[in-house]
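> build the 3D model from these lines:
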Amino acid sequence: MKTYLLIDTANTFFRARHVAHRGMDTWTKLGFATHVTMSAINKAWRIAKADHVVFALEGHSWRKDFYKPYKANRKVARDALTEEQQEEDKLFWETYDELTTFLKEKSNCSVLRCDIAEADDIIARWIYMHPEDQHVIVSSDTDFVQLVSPNVRQYNGITQNMITIEGIFNDNGKPVKDKKTGEPKDIPNPEWLLFEKCMRGDPTDNVFSAYPGVRKKGTKNKVGLLEAFDDRESKGFNWNNMMLQRWEDHNGEEHRVLDDYQRNVTLVDLTAQPTEIRDYVDSTMQEQMDSKNHSMVGAKFLKFCGKYELKRIADDVTQYASWLQKGYEDATTTG
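Numbering: from 1, shown residues only. Okay, here's the model as predicted:
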């Protein structure tokens, strides 16, 4: 059994950008984001005692063709940027591209990209293709909590917390406590989280609700999400009472809850991609999973560190080189 570190690459890099101090100049921000990204991966590697690192990159999402509004709000946000912000954004993407090019061409980590899929799809499919192994997803994206299971954990490099099926733990392995109650935080049932998101939609990705205004807990005369969720296996009265409801949007168009719920399952559930999408993503990944055998990885990374003035990382380059030089074949054939 192996342990794979699965990196939601763009999320990890750009979240690091957002925690940079506002007073920093752009060049310092670029170095800071790169430092935080690589340090988070290095820390997760040590905590997980991983065997191989997989970087998942973004492609053009098939979801945008399946559902036109999907992430359309992102373009609106980009168009609202000032000229100075657009220039900084461009520099960050150039730095991100340089980092991923280094990882692809000069390290032995797996770097996977599918032209029609998101990093989320690649990570979910990797887990599916390696069912007997352990996986640690490095991302702050809460969408991945749906995948948490006995062999899947999620590490948030910003909060430095590990989300597991047993609870949430800090870097020292101690339970993270709720600030209000002082009790250890529990993660909600991943199945419930997925169901609730499919019903309520996801404003971040511009996925509309299947049933606007639905209550979590029902009343005497109306079924709520909790009752429908509890009835999801038997598909009895509570399930059908909710799913067969109809409502009108602001354009006067009628919707049936079940239809919109099923649409959202396809969009949100990382195990529910259409069969032809899954098959294409799998075949594309398999073509890119051959083990690389680059030499002198540490020396090449030291040169990369020099460009972005990553002095603290450069001082400990041997530790970073230990996972940068570990190939996929090494992980599958050694103890």
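> domain parsing for the chain?
3-187+273-333, 190-268 (automatic domain parsing).
> worst mean pLDDT among these?
Across the domains of the chain, the stretch with the lowest average pLDDT is domain 3-187+273-333; it has a mean of 92.
> okay if I get the domains of the chain as a markdown table plus mean neighbour count?
Heads up, the C-betas are built off the backbone N, CA and C, glycines and all. Shown next, in a markdown table, are the domains of the chain (neighbours: other CB atoms under 10 Å):
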| stretch | mean neighbour count |
| --- | --- |
| domain 3-187+273-333 | 17 |
| domain 190-268 | 16 |
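> what's the separation between residue 43 and residue 154?
Distance, residue 43 to residue 154, by CB to CB, to the nearest Å: 14 Å.
> try residue 278
Distance, residue 278 to residue 154, by CB to CB: 22 Å.
> likewise for residue 232?
Counting by CB to CB - residue 232 and residue 154 are separated by 24 Å.
> do residue 320 as well
Separation of residue 320 from residue 154 (CB to CB): 22 Å.
> and what of residue 138?
Taking CB to CB, one finds residue 138 at 8 Å from residue 154.
> and if you look at residue 49?
16 Å.
> and if you look at residue 240?
Computed with CB to CB, the distance linking residue 240 and residue 154 is 34 Å.
> for residue 56, same thing?
Applying CB to CB, the value for residue 56 to residue 154 is 13 Å.
> what does residue 275 give?
Relative to residue 154, and taking CB to CB, residue 275 is found at 26 Å.
> what do you get for residue 245?
For residue 245 relative to residue 154 (CB to CB), the value is 34 Å.
> now do whichever strand or helix holds residue 305: distance to the chain's middle.
Assigned by DSSP states H and E, residue 305 belongs to helix 297-307. Distance of helix 297-307 from the chain centroid (CA atoms, centre = their mean, to the nearest Å) equals 27 Å.
> please list all residues in contact with residue 210.
Contacts for residue 210 (CB atoms under 8 Å, 6 or more residues apart in numbering) come out as 198-201, 255, 257, 260-261, 263-264.
> narrow these to those in helices?
Applying DSSP state H to the contacts of residue 210, the entries found in helices are 198-200, 257, 260-261, 263-264.
> what's the farthest-apart pair in those?
200 and 263 (13.4 Å; CB to CB).
> SS state for residue 187?
coil (DSSP: H, G, I helix; E, B strand; the rest coil).
> next: the one 4 residues further on.
Reduced to three states with three-state DSSP, the structure at residue 191 is helix.
> I'd like to know how far it sits from residue 267.
Distance, residue 191 to residue 267, using CB to CB: 17 Å.
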